[in-house]
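In: any chance you can model this:
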Amino acid sequence: MEKPALTVQDIDGNIYETVTIGEQVWMAENLNVSKWENGMENPYWIQSISGKLYYSKAFYELLCPKGWHVSSKDDWEKLIRYLGGDLKTIGKQLKKSGIKGWNGTSKKNIGFNAVPNGIDFWENNTLKVIKQDSIAVFYAADYSLSYPILSTYTLKNNSDELIFSLSSQIQLNNYVSSRFSCRCVKDN
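Out: Numbering: from 1, shown residues only. Predicted structure coming up:
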């Protein structure tokens, strides 16, 4: 099922563990880069505890290391099919084990190592990261047009479900968020 892990380095010098899942190689950690691959500063992020949360404008330039791309809806669909296709229970295979309150992890953990990383929230004209112990939301980009169409995949601490949304925003209780975690996938 899994091949030995390799690593990849981004333009900032961050080194990421990777995992092979089926025919795909995914980063096993959230992206944490502050520059685009061309070396220019990317201002469209906020720091969270496990990587950066990116705003949709971050994806207008290459964000992942050379030879990698922001995960797409197609990449997520391949991953979901490989893991059995049941969105109601698949989350437990994606979650990193051993994190207090991040329930639902499975003995079938595949090394994706999803961790709660929170969402952004504006309060008193200040951008904050909240829910860093209970939610992980990942972007999926579709570059078939001249600009990326973004959707999201969400994991919550109290559920085994992987929730798909066609929107680049989510609403959780009274919070509306638009900055999320990102995983890169190795190009074929």
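In: burial of the residue nearest to I119 when sequence neighbours are not counted, as a residue count?
Out: With C-beta to C-beta, 6 or more residues apart in numbering as the criterion, I119 has its nearest non-adjacent residue at 3.6 Å, and that residue is S177. In this view, the C-beta of every residue, glycine as well, is placed from N, C-alpha and C. Using other C-beta atoms under 10 Å, S177 has 21 neighbouring residues.
In: so which other helices or strands are in contact with the top helix by length along the chain?
Out: If you go by DSSP state H, the chain has its longest helix at helix 73-82. If contacts are counted by 3 or more C-beta pairs under 8 Å, 6 or more residues apart in numbering; DSSP states H and E, helix 73-82 sits against strand 24-27, strand 135-142.
In: would you list those strands in a markdown table and tack on distance to W45, mean pLDDT and mean neighbour count?
Out: Output for the helices and strands packed on helix 73-82, formatted as a markdown table (distance: least, C-beta to C-beta, whole Å; pLDDT from 0 to 100; neighbours: other C-beta atoms under 10 Å):
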| stretch | distance to W45 | mean pLDDT | mean neighbour count |
| --- | --- | --- | --- |
| strand 24-27 | 16 | 97 | 22 |
| strand 135-142 | 12 | 91 | 23 |
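In: out of those strands, flag the one nearest K52.
Out: Nearest of those to K52, taken as C-beta to C-beta: strand 135-142 at 11.3 Å.
In: helix or strand with the lowest mean pLDDT in this structure?
Out: Using mean pLDDT, DSSP states H and E, strand 170-172 stands out as the lowest-scoring helix or strand of the chain, at a mean of 68.
In: spatially nearest residue to D187 (excluding sequence neighbours)?
Out: In this structure, D187 finds its nearest non-sequential neighbour in G67, 5.4 Å apart by C-beta to C-beta, 6+ apart.
In: still on that earlier bit, the longest helix of the chain - what's its average pLDDT?
Out: When pLDDT is averaged over helix 73-82, the result is 96.
In: equivalent analysis for stretch 47-58, please.
Out: If you average the pLDDT values across stretch 47-58, you get 92.
In: got the buried residues for it?
Out: Within stretch 47-58, the residues that count as buried by 16 or more other C-beta atoms under 10 Å are S48, S50, G51, K52, L53, Y54, Y55, S56, A58.
In: just flag the most distant two among those residues.
Out: Comparing all pairs in the buried residues of stretch 47-58 by C-beta to C-beta, the longest separation belongs to S50 and S56, at 20.0 Å.
In: from R81, how far off is the residue of the chain positioned farthest from its centre?
Out: Going by C-alpha atoms, centre = their mean, the residue of the chain most distant from its centre is N124, 27.4 Å out. Noted for N124: a distance of 44 Å to R81, by C-beta to C-beta, to the nearest Å.
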